[in-house]
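Asker: coords please:
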Amino acid sequence: METHIYFAYGSNLCPERMAERCPSATDPRPAVLDDHDWLINERGVATLDPFIGSTVHGVLWTLTDHDLMSLDRAEGVPDRYRRARLTVRTAQGPSTPWVYIDHRVQPGIPREGYLDRIINGALHHDLPHQWIEFLRRWDPTHWPMSRIHSRAAGPQTLSELLADPEVVEVSSLRSNFGFMAIHGGGLEQMTDVIAERAAEQCGASVYLLKHPRDYPHHLPSARYLSEHSTKLAAFLDHVDVVVSLHGYGRLDRSTQILAGGGNRELAKLLARCVSVPGYQVVTDLDAIPQELRGLHPDNPVNRVRGGGAQLELSSRVRGTSPRSQLPGEDGLTPATSALVAGLVDAARSWGATGRQ
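Answerer: The predicted model follows:
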């Protein structure tokens, strides 16, 4: 009887589930699929999506003909899943097993009990700890909270915002190239960390506002007026150009970095320098939603001598999405670390041309 190799990455990691569906399944062994994302889709089930640099951990099962037909029925081939061959890595070398893939890749909430079954299966097969931590991030109780809109009136000016003792203002004046993150901390998470890391690595100036966790108010960028902050005024007077980092959460643009702001030469330089596998830097203003273009004349990014570029960063590239890879030794996801490296390269390139 012919046998088949099958790569399980979802609920079929669970031995009990496989015993029900494929009673003759044998020889489970760990395997890794490269250049694919793992996600829970809008149906609440796991699937795969091609994505350069990402890896998926799972298990290879050996199946009989009858097991494979049974699994086709259980997975709803071809309506819910399709069956395809992909190449995976194992300790014994490469293998080309059958893999079930749902073409629907809009992220969603896992079905009740589904994620627990996957995690328990991953633990049973002794998959890497980092992978299990990644799976746990798909528990909605661990997701970053959406901004809570308070019924109370929030600050209407920068001076009112800074009157809150939990809002921390940070400024460090170094070179004439600057980075900003005015909605950092608990508002547009990780934007302040990214700006600070980039500035430290290339000796750039930096201005940050760190909001407390789950802060319920969003002061528009155009209301960050220098007359309300001596630190902001000094920063804007010191730097020639600035890159202002913001965060956005549109699911349909999760792999896009939107480069707005009035200095289009700087925006194009950022597009050349920022190389994050799987992501695209968009510089065409017509392709950027109007509210994310950063063109208001009172926006601080446009109030320095040479103007600036505003980068809108998705939660995925900032490392706060369930789809984000796990942090490395530097505390950043690979995508976030690559973003920081690109920002550093852009700052150095701008200075090397004598434009500072």
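Asker: quick one: what helix or strand has E200 in it?
Answerer: helix 191-202 (DSSP states H and E).
Asker: and the next helix or strand past that helix?
Answerer: Later in the chain than helix 191-202, the nearest helix or strand by DSSP H and E is strand 205-211.
Asker: can you dump the C-alpha coordinates of that next one into CSV?
Answerer: Output in CSV follows, covering the C-alpha atoms of strand 205-211 (Å, rounded to 0.1, in the frame of the first residue of the first chain):
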residue,chain,number,x,y,z
SER,A,205,18.5,63.8,17.4
VAL,A,206,15.2,62.4,18.7
TYR,A,207,11.9,63.7,20.2
LEU,A,208,9.4,61.4,21.8
LEU,A,209,6.2,61.5,23.6
LYS,A,210,5.4,58.3,25.5
HIS,A,211,1.8,57.8,26.4
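Asker: how about P140, nearest residue that isn't a chain neighbour?
Answerer: Spatially, and ignoring its direct neighbours in sequence, P140 is nearest to I109 (5.4 Å; C-beta to C-beta, 6 or more residues apart in numbering). For glycine as for every other residue, the C-beta is placed from the backbone atoms N, C-alpha and C.
Asker: likewise for P15?
Answerer: In space, P15 comes closest to H124 once its chain neighbours are excluded; the distance is 6.1 Å by C-beta to C-beta, 6+ apart.
Asker: picking up where we left off before, so who does the residue nearest to P140 touch?
Answerer: I109 sits next to 40, 44, 140 when contact means C-beta atoms under 8 Å, 6 or more residues apart in numbering.
Asker: repeat that with 10 Å
Answerer: Neighbouring residues of I109 by C-beta atoms under 10 Å, 6 or more residues apart in numbering: 40, 42, 44, 115, 138-140, 143, 322.
Asker: in this protein, which spans are helices?
Answerer: If DSSP state H is used as the criterion, the helices of the chain fall at 15-21, 65-75, 114-124, 129-136, 158-162, 191-202, 230-238, 264-273, 315-318, 334-352.
Asker: state the distance from K268 to P289.
Answerer: Counting by C-beta to C-beta, to the nearest Å, the gap between K268 and P289 amounts to 19 Å.
Asker: which of the helices of the chain is buried the deepest?
Answerer: helix 315-318 (a mean of 24; mean count of other C-beta atoms under 10 Å).
Asker: could you export it as CSV, CA atoms only?
Answerer: These are the backbone C-alpha positions of helix 315-318, laid out as CSV (Å, rounded to 0.1, in the frame of the first residue of the first chain):
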residue,chain,number,x,y,z
SER,A,315,1.3,47.0,13.7
ARG,A,316,2.8,44.0,11.9
VAL,A,317,6.1,45.7,11.1
ARG,A,318,6.2,47.3,14.5
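Asker: from the chain's centroid, how far away is it?
Answerer: Its chain's C-alpha centre lies 2 Å from the corresponding centre of helix 315-318 when counted by C-alpha atoms, centre = their mean, to the nearest Å.
Asker: buried residues, the longest strand anywhere in the chain. List them.
Answerer: The strand of greatest length in the chain, counted in residues with DSSP state E as the criterion, is given as strand 46-64. The neighbour-count check on strand 46-64 (16 or more other C-beta atoms under 10 Å) flags 46-49, 51, 53-64 as buried.
Asker: pLDDT of that strand, averaged?
Answerer: Across strand 46-64, the average pLDDT comes to 95.
Asker: that strand versus helix 65-75: what angle between them?
Answerer: Going by axes from the mean of the first three to the mean of the last three C-alpha atoms, to 10 degrees, strand 46-64 is angled at 160 degrees with respect to helix 65-75.
Asker: can you give the strand pairings for strand 46-64, parallel or anti for each?
Answerer: Sheet pairing of strand 46-64 (DSSP bridges) gives strand 3-8 (antiparallel), strand 26-40 (antiparallel).
Asker: winner for burial among the ones you listed?
Answerer: Among the strands paired with strand 46-64, judged by mean count of other C-beta under 10 Å, the one packed with the most neighbours on average is strand 3-8 (a mean of 20).
Asker: before we move on, the earlier item: out of the contacts of I109, what pair is the most spread apart?
Answerer: E42 and D139 (17.1 Å; C-beta to C-beta).
Asker: so what would you say the end-to-end distance of stretch 232-247 is?
Answerer: When the termini of stretch 232-247 are compared using C-alpha to C-alpha, to the nearest Å, they are 20 Å apart.
Asker: distance between it and the chain's centre?
Answerer: Per C-alpha atoms, centre = their mean, the centroid offset for stretch 232-247 relative to its chain is 24 Å.
Asker: how about stretch 51-71?
Answerer: The mean C-alpha position of stretch 51-71 is separated from the chain mean by 27 Å, C-alpha atoms, centre = their mean.
Asker: alright, that wraps it up for me.
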